[in-house]
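S.K.: build me a structure from this.
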Amino acid sequence: EGSVRTPPGTTVGLLEQDTTFPVPRRSARQVYADQLGGLAETVPLADLGLLRASELDRPVGELSVGQRRRLALALLVAHNPNVLLLDEPTNHISLTLADELEEALRTSPGTVVVATHDRWQRRHWPGSHLRLHAGSPA
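M.R.: Next up, the predicted model:
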């Protein structure tokens with residue numbers, strides 16, 4: 001409960017724990033283009049390296065949980081928000097991608113808020129920690 005105030009022009013990106021897309025028959029490439037408009041040409045999905053070429057034209061409803069998660073990450077990267085809210089960002093992705101994500105977050109110029117149970121990520125997180133127990137700071 002509460003409110004959040006952000007300065008004008010602040011953009012916030014959210015990576016939800018469970019990634020779903022409203023139209024499962026649309027391909028990953030179509031979803032990316034729909035959500036980014038002209039920006040999709042500036043930051044092509046194929047160039048981000050998060051999905052294989054064979055996955056770009058598959059319907060998102062046929063992609064694995066990890067593939068949908070990587071598409072959601074691609075959308076966040078392309079939007080380049082000032083504030084990133086990441087709910088369990090290492091769920092359903094490979095260890096290699098988790099390492100790459102960790103490195104990218106360390107160098108992110110914006111604010112990053114991570115909610116995770118991943119012990120490795122918590123141990124190596126360079127930023128501040130707020131631990132909660134039963135909904136209250138521990």
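S.K.: doesn't Leu39 make contact with Ala33?
M.R.: No. The pair Ala33 and Leu39 fails to qualify as a contact (C-beta atoms under 8 Å) at a distance of 9.3 Å. All C-beta atoms are positioned from the backbone trio N, CA, C, and that covers glycine.
S.K.: who has more neighbours, the two?
M.R.: Ala33 (17 against 13; other C-beta atoms under 10 Å).
S.K.: secondary structure class for the more buried one?
M.R.: helix (DSSP: H, G, I helix; E, B strand; the rest coil).
S.K.: check it and give its pLDDT.
M.R.: Per-residue pLDDT puts Ala33 at 95.
S.K.: wait, what's in contact with it?
M.R.: By C-beta atoms under 8 Å, 6 or more residues apart in numbering, the residues touching Ala33 are Ala40.
S.K.: where do the helices sit along the chain?
M.R.: According to DSSP state H, the chain carries its helices in the segments 28-36, 39-42, 65-79, 95-106, 119-124.
S.K.: Val113 is nearest to which of these?
M.R.: Judged by C-beta to C-beta, the one of these that comes nearest to Val113 is helix 95-106, at 10.5 Å.
S.K.: ok now do the closest residue to Glu16 other than its chain neighbours, which residues does it touch?
M.R.: Taking C-beta to C-beta, 6 or more residues apart in numbering, and ignoring the residues beside it in sequence, Glu16 has Asp87 as its nearest neighbour in space, at 5.6 Å. Residues in contact with Asp87, defined by C-beta under 8 Å, 6+ apart, are 14-17, 115.
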